[in-house]
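**Q** Let me see the structure of the following:
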Amino acid sequence: MISVLAQERLLGAALGCAFTGTIVFEQRKRIYDSVSHHQSQLPSQSQVKEPIFGKKSRSEFALLWNKTVDHIFAPVIEAISSRRW
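**A** Reported below is the predicted structural model:
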């Protein structure tokens with residue numbers, strides 16, 4: 001037969017496991033609910049704007065950059081060309 005002390009320890013362990021399992025379950029449930037709630041508030045793909053450096057923005061930026069460089073360095077290029085380098 002199991003002694004009274006062993007029964008108390010076994011009961012304590014069982015209750016501790018049940019309590020810990022309940023706490024872990026509730027915490028996971030809250031985490032999943034908050035993640036699900038957060039994802040439902042995100043805009044859908046059709047509502048998402050193009051990122052700052054999307055394909056269109058990058059090509060426009062590259063064109064603007066090239067025009068600016070040409071404008072700034074045109075006198076330098078002409079000076080070098082006139083010297084026949």
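
**Q** Please determine how far residue 60 is located from residue 69.
**A** Separation of residue 60 from residue 69 (Cβ to Cβ, to the nearest Å): 15 Å. Any C-beta I mention is one placed from the backbone N, CA and C, and that applies to glycine too.

**Q** Show me this protein divided up by domain.
**A** Here the domain parsing of the chain from automatic domain parsing is 1-48, 49-85.

**Q** can you put those in JSON lines and add mean pLDDT and mean neighbour count?
**A** Listed next are these as JSON lines, based on pLDDT from 0 to 100; neighbours: other Cβ atoms under 10 Å:
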{"stretch": "domain 1-48", "mean pLDDT": "84", "mean neighbour count": "9"}
{"stretch": "domain 49-85", "mean pLDDT": "81", "mean neighbour count": "9"}
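
**Q** top helix in the chain by residue count?
**A** In the chain, taking DSSP state H as the definition, the longest helix is helix 4-41.
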